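Undergrad: sequence first, then the predicted structure, then my questions.
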Amino acid sequence: AKIDSLLLEKLTVDVAVQIALMNNPIIQVIYYDLEIAYADVMQSGILGNPTLSASVLNSQEDTGKHTEISIEQNVLDIVLLPLQKKLVKAEYQQVKFQVGHAVLEIIKDVKTAFYVLQADRHMMTLQKDVLKAAEAAVELAERQYKAGNINTLDLASHQAALHDAQLEWMENEAELFSNQENLHRLMGLTGANPKLNIEADLSKLPLSDPDLSDVIRTALAQRLDLAAARWELGIFKKALFLARTEAVPDISGSMVKESSPDENPHVGPGIELDIPLFDRGQANVARLKAQLSQSKKQIEVLKQDIRSEIRIIHNQMDTKRKAVEYYRDIIIPVHEDVVHASQKEYNFMLLGAYTLLEVKQDEINARRNYILTLRDYWIFRTELERAVGAGLINI
């Protein structure tokens, strides 16, 4: 019901993300990792079951049956239980970070798909103007050809341009359908494609972008995959401490009751322990030491990768911002001035209709390039949000 009500409203990028978080089946699959990890936490707090054994022996001298009953419990399990719980809880926390990181990846995918679809719809509107201009040029050319004012080559050139525009329209329609389907999938919308009341225009540029050094500092403080790697390091430290206890032999305590017909029952404690002559857990300790050192190096590598990734994305985003501003402030106004001046000259019969159509198409193409560049800016900004691990507003 909540999703249906949201779909009735104008679909913004934030609403699309909200629906995806509630409805995307991939996220629901990811959340089960938390339940699986929590089951391990529950199991870590449960002692191993005691062992009950019993035997009945018949006397060869027909003096009756000899019975022995014992119940046995591993004492070392009781001692190590708190440490095992801490280890598994650390693993659970690591899974939480990994799940959070995976969810942020899906949020990034939803935002990217939304911006792509927004741009596609805007591009279809502009392509329709290009198609109309090409049709008008062919219609004019056919009249001029019948009047004998242009030759067959000129007519064919205009017809070819129209065919190219029609083919591009069909390709854009197919791409629009694919990108629309991709957004539906990420939002978890199944069945027939619902008609999304998507916000028409891409958002304008924000007033400013965060400083690169602030972005890197924030990423190193809150990236969830980095947090998961740090928790993994702690897990290996705890696991190494536990592994060293394997040098201590397993100790099992028991209570034994022995009885026979001709004797009073005997009851008393028993103890059983392994003798660590060969396997003292040295191989497991060596492996965990190596994994601990490896984990430290992986954290350093991940930090380096994060810095490099953010520098690249930040540079790409900054380049797109400058290009958007250039299109908005210089290129498009220049094309508008050219169209305006050409229209005046056409009205005074100083300029041909084909030239007017061409300058109008140039203006449309400039607007298309502006839309594509603005789309790329928002995609890179979304990539940067994912690379930082949070939104950029408060940075």
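TA: Yep, it's here. Numbering: from 1, shown residues only.
Undergrad: what about Pro206, distance to Ile30?
TA: According to CB to CB, to the nearest Å, Pro206 and Ile30 sit 30 Å apart. Quick note: C-beta positions are derived from backbone N, CA and C, even for glycine.
Undergrad: work out for me the element the spatially most central residue of the chain sits within.
TA: Among the residues of the chain, the one closest to the centroid is Glu105, at 1.3 Å (CA atoms, centre = their mean). Assigning secondary structure by DSSP states H and E places Glu105 in helix 75-147.
Undergrad: and the helix or strand following that helix, what's its mean pLDDT?
TA: Going down the chain from helix 75-147, the next helix or strand is helix 152-186, by DSSP H and E. For helix 152-186, the mean pLDDT works out to 91.
Undergrad: next one: stretch 358-370
TA: 91.
Undergrad: any stretches of the stretch 201-350 of the chain with poor pLDDT?
TA: Within the stretch 201-350 of the chain, the stretches with pLDDT under 70 are 245-264, 266, 268, 270-280, 349-350.
Undergrad: apart from its chain neighbours, what residue comes closest to Glu173?
TA: Leaving aside its sequence neighbours, Glu173 sits nearest to Met124 (CB to CB, 6 or more residues apart in numbering; 7.4 Å).
Undergrad: please apply the same query to Gly352.
TA: Using CB to CB, 6+ apart, the closest residue to Gly352 is Tyr346 (7.6 Å).
Undergrad: show me the strands in the chain, by range?
TA: Using DSSP state E, the strands found in the chain span residues 51-58, 65-74, 251-260, 263-273.
Undergrad: given the second one, what are its sheet partners and their directions?
TA: When you say that, I think you mean strand 65-74. strand 51-58 (antiparallel), strand 251-260 (antiparallel) (DSSP bridges).
Undergrad: related to what we said a few turns ago, ok, the residue nearest to Glu173 touching Phe177?
TA: No: assessed by CB atoms under 8 Å, Met124 is found out of contact with Phe177, at 11.0 Å.
Undergrad: for Ala133, list the residues it contacts.
TA: Leu357, Lys360, Gln361, Ile364 (CB atoms under 8 Å, 6 or more residues apart in numbering).
Undergrad: would you mind measuring from Arg244 to Leu87?
TA: 13 Å.
Undergrad: returning to that earlier point: the residue nearest to Glu173: neighbouring residues, count only.
TA: Around Met124 there are 14 other residues, counting by other CB atoms under 10 Å.
Undergrad: show the pLDDT at it.
TA: Predicted confidence (pLDDT) for Met124: 92.
Undergrad: check contacts around it.
TA: Trp169, Asn172, Glu173, Leu176.
Undergrad: and for Glu309?
TA: Contact analysis of Glu309 by CB under 8 Å, 6+ apart lists Ala387.
Undergrad: and if you look at Tyr354?
TA: Ala137, Leu140, His158 are the contacts of Tyr354 under CB under 8 Å, 6+ apart.
Undergrad: same thing with Asn315?
TA: Here Asn315 is in contact with no residues (criterion: CB under 8 Å, 6+ apart).
Undergrad: that one and Asp225, how far apart?
TA: To Asp225, Asn315 is 22 Å away according to CB to CB.
Undergrad: and for Gln43?
TA: Separation of Gln43 from Asp225 (CB to CB) stands at 26 Å.
Undergrad: so these two - more neighbours on which side?
TA: Neighbour count, other CB under 10 Å: between Gln43 and Asp225, Asp225 has more, with 18 against 11.
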